[in-house]
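1. coords please:
(one chain, ligands or ions: 1)
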Amino acid sequence: MQPQPGRRRGGTRASAVPHRRHIRPRRAAALASVTALTLAVSTSAGTGHLPPPATTAGAGPVPPARSTAHRPCLISGEPTVQMSEGVPTPGGYSRSTGTVHALTLMVDFSDAPGQGSALSRFREFFPQTQQWFRTSSYGRLDYRPETPIPDWLRLPKPFRSYGIERGAPFDPGYRQLIQDIVSAADPTVDFRSYDFLNVLMTPNVGPSALDTVLSVTFAGNTQAPIADGVPVANASFVYSRQDDGSGAYDLTGYRVLPHENGHVFGLPDLYTQEGGGAVGHWDIMSEDWGANNDLVGWHKWKLGWLDANQVACVAAPGTSEYTLTPLGRTGGLKLLVVPLGRNTGYAVELRTRAGNDEAVCRPGALIYKVDADVETGQGPIRVYDSHRDSGGCTRTPNVHAELSDAPFAPGEEFRDLRRGIRVSVVGVDPSGSGGYQVRVTRGRG
Ligand SMILES: [Zn+2]
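-> Residues are numbered from 1 along each chain as shown. Next up, the predicted model:
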């Protein structure tokens with residue numbers, strides 16, 4: 001089914017974006033089928049206006065820090081593009097800076113009773129998810145997972161009655177599921193107190209994640225059921241255990257949740273039907289199995305985690321030189337954006353083994369193209385490989401190998417001859433900062 005962008009009265013976009021995960025662990029890839037992205041949004045006959053949020057819920061994304069010099073770099077897509085990479089992020093998603101409260105419910109069913117304690121399921125994801133966001137955001141996102149119901153929340157119907165399978169649309173299964181969750185939790189929970197919802201399913205419900213990944217996020221979904229007067233618009237569902245068989249589940253299995261929560265903050269999927277070949281392991285929205293990784297700098301700017309002076313917009317013709325500092329460390333210039341038009345641009349950042357980036361085998365300037373008119377899962381970001389068809393430099397499981405040596409090293413240059421754009425990595429910053437000097441040349445026209 002083709003995506004069908006919904007509209008609310010007044011012409012604003014109803015950004016109900018069910019998210020499908022296509023990612024597979026390497027050993028299951030040959031067997032996995034690909035599910036097309038689908039979207040079904042009913043046309044609302046309602047007022048088209050939500051009541052103003054009384055509390056944190058629905059506070060919405062913050063625009064990225066910027067000055068007038070950044071204006072040419074605020075690329076944006078058509079309003080119908082699902083989960084566009086454009087900045088600023090449209091309303092409806094969760095705020096991604098400051099303190100956010102994640103209502104986290106552990107759910108089980110009569111045909112899949114919770115095994116062990118609900119809080120042990122919670123501890124598969126926390127505190128690592130919190131720490132992951134603290135590190136990636138340089139401390140700007142204070143993620144508070146809250147468990148007002150510390151036990152398994154038993155839903156009234158067996159799991160199989162909801163008809164949840166890979167690629168299941170929001171209606172009717174997830175709508176019923178959310179309504180039942182709301183009914184079961186409502187006596188204890190005031191939904192207005194939270195920015196978004198995490199549903200941690202008992203891991204014995206549904207198939208193994210090695211067979212079929214059911215984990216899914218419905219983000220910016222204004223058509224969602226209402227709880228305590230607010231729509232449950234941003235909800236991540238995590239199933240099964242994302243165990244890649246490497247014995248590292250305790251260290252890496254939580255990473256499905258920061259990926260799913262990336263969607264509640266408005267980030268699209270960067271893997272495509274072909275897998276991780278567009279962005280590799282350079283963003284958790286591309287690969288969330290295996291060794292830890294970070295987000296690309298573009299996403300950090302989009303989420304409000306960079307100051308205006310940490311992003312340089314290279315819009316004018318001529319040659320300019322910059323010292324980029326490692327994306328995984330706090331402070332300094334993090335991102336160069338070379339706009340190519342209203343909806344696309346190149347981005348340049350320095351990736352090293354630091355912070356959440358633990359699998360980097362070849363540090364250097366990562367260069368990628370952002371296209372705000374490309375939908376989630378269709379390749380809105382594409383990384384340029386400085387060493388094409390090399391096979392890469394990593395043997396780490398579940399790290400896309402070919403793009404692992406994509407960054408440009410000192411002495412190497414990226415060229416777009418048609419547009420007269422060159423990005424040269426001049427060398428390592430002689431001051432010993434760990435930064436790299438990068439020269440950007442833009443021709444006229
Ligand atoms: Zn996803």
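2. can you tell me the residue of this protein closest to the ion?
-> residue 269 (4.2 Å; C-beta to the ion). Bear in mind the C-beta positions are built from the backbone N, C-alpha and C, glycine included.
3. What is the neighbour count of that residue?
-> If you count neighbours by other C-beta atoms under 10 Å, residue 269 ends up with 28.
4. My read is that it contacts residue 375, right?
-> No. Residue 269 is not in contact with residue 375 according to C-beta atoms under 8 Å; the separation is 9.2 Å.
5. Now for these two: what residues contact both?
-> Common contacts of residue 269 and residue 375 (C-beta atoms under 8 Å, 6 or more residues apart in numbering): residue 83.
6. which parts of stretch 429-440 are buried?
-> By neighbour count with 16 or more other C-beta atoms under 10 Å, stretch 429-440 contains the buried residues 429, 435-438, 440.
7. repeat for stretch 336-345
-> Using 16+ other C-beta under 10 Å as the test for burial, stretch 336-345 gives 336-340, 343-345.
8. again with stretch 83-99
-> 83-87, 89-97.
9. close enough to count as contact, residue 377 and residue 268?
-> Yes. Contact criterion C-beta under 8 Å: residue 377 and residue 268 qualify, at 7.1 Å.
10. Now for the two: what residues contact both?
-> Common neighbours of residue 377 and residue 268 (C-beta under 8 Å, 6+ apart) do not exist.
11. what are the ranges of the helices in this structure?
-> Ranges of helices within the chain are 118-122, 128-136, 175-185, 249-252, 256-264, 297-302, based on DSSP state H.
12. Which neighbouring elements make contact with the longest one?
-> Think helix 175-185. Applying 3 or more C-beta pairs under 8 Å, 6 or more residues apart in numbering; DSSP states H and E, one finds that helix 175-185 contacts strand 98-108, strand 153-154.
13. Quick one: those strands as JSON lines, columns for distance to the ion and mean pLDDT too.
-> Output for those, formatted as JSON lines (distance: least, C-beta to the ion, whole Å; pLDDT from 0 to 100):
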{"stretch": "strand 98-108", "distance to the ion": "17", "mean pLDDT": "98"}
{"stretch": "strand 153-154", "distance to the ion": "24", "mean pLDDT": "98"}
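14. ok, back up a step: from the buried residues of stretch 83-99, which single one is nearest residue 62?
-> Distance to residue 62 across the buried residues of stretch 83-99 (C-beta to C-beta) is lowest for residue 97, with 5.3 Å.
15. quick one: pLDDT of the closest one?
-> As predicted, residue 97 sits at a pLDDT of 97.
16. How about residue 236, nearest residue that isn't a chain neighbour?
-> residue 260 (3.7 Å; C-beta to C-beta, 6 or more residues apart in numbering).
17. Count the residues that sit near residue 444.
-> Neighbours of residue 444 (other C-beta under 10 Å): 7.
18. isn't it right up against residue 419?
-> No. Applying C-beta under 8 Å, one finds residue 444 not in contact with residue 419, separated by 10.4 Å.
19. got the residues of the stretch 251-400 of the chain near the ion?
-> For the stretch 251-400 of the chain, the residues in contact with the ion (C-beta under 5 Å from the ion) are residue 269.
20. Not counting residues beside it along the chain, what's closest to the residue nearest to the spatial centre of the chain?
-> Per C-alpha atoms, centre = their mean, the C-alpha nearest to the average position across the chain is that of residue 262, at 3.2 Å. The spatial neighbour of residue 262 that comes closest, neighbours along the chain excluded (C-beta to C-beta, 6+ apart), is residue 285 at 5.2 Å.
21. Contacts only, for the residue found closest to residue 216 once you drop the neighbours it is linked to in the chain.
-> Distances taken as C-beta to C-beta, 6+ apart place residue 237 nearest to residue 216, at 5.2 Å, with adjacent residues excluded. Contacts for residue 237 (C-beta under 8 Å, 6+ apart) come out as 174, 199, 201, 214-217, 260.
22. 10 Å - rerun?
-> Neighbour list for residue 237: 19, 107, 164, 174, 177-178, 181, 197-201, 214-218, 260 [criterion: C-beta atoms under 10 Å, 6 or more residues apart in numbering].
23. how close does it get to residue 435?
-> Distance from residue 237 to residue 435, counting by C-beta to C-beta, to the nearest Å: 40 Å.
24. again with residue 226
-> Taking C-beta to C-beta as the measure, residue 226 and residue 435 are separated by 49 Å.
25. Repeat that for residue 148.
-> To residue 435, residue 148 is 45 Å away according to C-beta to C-beta.
26. Run a quick neighbour tally on residue 245.
-> Residue 245 has 13 neighbours, counted by other C-beta under 10 Å.
27. Over to it: give its phi and psi.
-> The phi and psi values for residue 245, taken as degrees, to the nearest 10, are phi 80, psi 0.
28. Could you report the pLDDT at it?
-> Looking at residue 245, the pLDDT reads 83.
29. and residue 199, what does it touch?
-> The neighbours of residue 199, taking C-beta under 10 Å, 6+ apart as the test, are 103-107, 153, 174, 177-178, 181, 215-216, 232, 235-239, 260.
30. How about residue 231, nearest residue that isn't a chain neighbour?
-> residue 224 (4.4 Å).
31. so how far is residue 267 from residue 260?
-> Taken as C-beta to C-beta, the span from residue 260 to residue 267 is 10 Å.
32. between those two, who's got more neighbours?
-> Between residue 260 and residue 267, residue 267 has the larger neighbour count (other C-beta under 10 Å), namely 29 against 25.
33. Might one say that that one is in contact with residue 86?
-> No. Counting by C-beta atoms under 10 Å, residue 86 is not a contact partner of residue 267; they are 11.8 Å apart.
34. so what's in contact with the two at the same time?
-> Taking C-beta under 10 Å, 6+ apart as the criterion, residue 267 and residue 86 both touch 302, 380.
35. count of neighbours near residue 386?
-> Residues lying near residue 386 (other C-beta under 10 Å) number 21.
36. okay but it is in contact with residue 368, surely?
-> No. In terms of C-beta under 10 Å, residue 386 does not count as a neighbour of residue 368; the distance is 11.7 Å.
37. residues contacting residue 307?
-> By C-beta under 10 Å, 6+ apart, the neighbours of residue 307 are 64-66, 138, 140, 301, 331, 333-334.
38. Residue 166 versus the residue nearest to residue 201 when sequence neighbours are not counted, what's the distance?
-> What sits nearest to residue 201 in space, not counting adjacent residues and going by C-beta to C-beta, 6+ apart, is residue 239, at 4.8 Å. According to C-beta to C-beta, residue 239 stands 10 Å off from residue 166.
39. Over to residue 396?
-> With C-beta to C-beta as the criterion, residue 396 and residue 166 are 26 Å apart.
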